[in-house]
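Peer 1: Make a model of this:
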Amino acid sequence: MPKVAEILIARGDGFVTEVTGEVMLQFGGFVGDRHFGPTRPSCSRTPWHPRGTPIANTRQISIVSLEECAVVAAEMGVARVYPSWLGANLATKNIADLSALPPSTRILFPSGATLFITEENVPCKYPGKVIAQEYGHPELAGSFVKAALHRRGLLALVEREGLVNTDDKLKLIMPRPRP
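Peer 2: Presented below is the predicted three-dimensional model:
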């Protein structure tokens with residue numbers, strides 16, 4: 001049964017998130033998280049817009065699985081990669097191939113809160129720098145992007161508000177297949 005393993009929030013300007021026991025999911029994301037809001041400035045991931053242009057925030061929530069974090073750690077040759085080091089907001093357990101869930105998948109929580117998957121989260125260099133710093137091995141920084149490809153998790157926006165708790169059971173609703 002898929003479950004919430006950790007709820008994490010990035011407070012302030014930092015990339016690394018910190019664990020919290022519960023969070024109120026609102027239409028802008030996790031209340032108190034630095035990515036909260038209906039819009040965000042465009043960046044290198046949206047080169048079709050001039051950098052800094054306000055655009056819809058389809059990256060409100062970053063989701064990773066503990067299983068994929070373990071695979072990334074093994075690929076990098078380290079003991080563990082923590083979801084907080086990846087800037088994740090939600091860590092799941094019992095969804096081994098989380099990153100392969102297609103866009104438009106919905107994740108429902110017992111409160112009725114619902115996340116709508118917008119896209120796969122493509123790995124970037126920032127988590128690699130954090131992992132290298134945590135282990136005291138600068139050479140690890142460059143290995144994260146390759147190790148995390150198709151294992152970095154998903155991005156989502158809030159479809160329905162509600163409370164999210166650690167250990168909540170999750171229901172996945174897959175998009176209808178095309179004929």
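
Peer 1: Okay, now the unreliable bits of the chain?
Peer 2: By pLDDT under 70, the chain contains no weakly predicted segment.

Peer 1: for the chain, what spans make up the helices?
Peer 2: For the chain, the helices defined by DSSP state H cover 66-76, 125-135, 144-148.

Peer 1: if we compare those helices, which one ends up closest to Ser84?
Peer 2: Among these, the nearest to Ser84 by Cβ to Cβ is helix 125-135 (8.8 Å). C-beta coordinates here come from the backbone N, C-alpha and C atoms, glycine included.

Peer 1: Who are the packing partners of that closest one?
Peer 2: helix 144-148 (3 or more Cβ pairs under 8 Å, 6 or more residues apart in numbering; DSSP states H and E).

Peer 1: buried sites along the helix it packs on?
Peer 2: 144, 147-148 (16 or more other Cβ atoms under 10 Å).

Peer 1: any chance of those residues in CSV, with distance to Arg176 too?
Peer 2: As requested, these are exported to CSV (distance: Cβ to Cβ, whole Å):
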residue, distance to Arg176
Phe144, 35
Ala147, 33
Ala148, 29
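
Peer 1: Could you point out which of those is nearest to Ser111?
Peer 2: Among the buried residues of helix 144-148, and counting by Cβ to Cβ, the member closest to Ser111 is Ala148, at 30.3 Å.

Peer 1: ok, the closest one to Val64 distance?
Peer 2: According to Cβ to Cβ, to the nearest Å, Ala148 stands 9 Å off from Val64.

Peer 1: picking that back up, need the helices of the chain in TSV (columns: distance to Pro47).
Peer 2: Below are the helices of the chain laid out as TSV (distance: least, Cβ to Cβ, whole Å):
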stretch	distance to Pro47
helix 66-76	26
helix 125-135	17
helix 144-148	18
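
Peer 1: in the sheet, who's paired with the residue nearest to the spatial centre of the chain?
Peer 2: Of all residues in the chain, the one closest to the mean position by Cα atoms, centre = their mean is Ser62, 2.0 Å from it. With DSSP bridges applied, Ser62 shows beta-bridge pairing to Leu155.

Peer 1: which residues touch it?
Peer 2: 35, 86-90, 121, 153-155 (Cβ atoms under 8 Å, 6 or more residues apart in numbering).

Peer 1: where does it sit relative to Asp97, distance-wise?
Peer 2: Applying Cβ to Cβ, the value for Ser62 to Asp97 is 17 Å.

Peer 1: No more questions from me, cheers.
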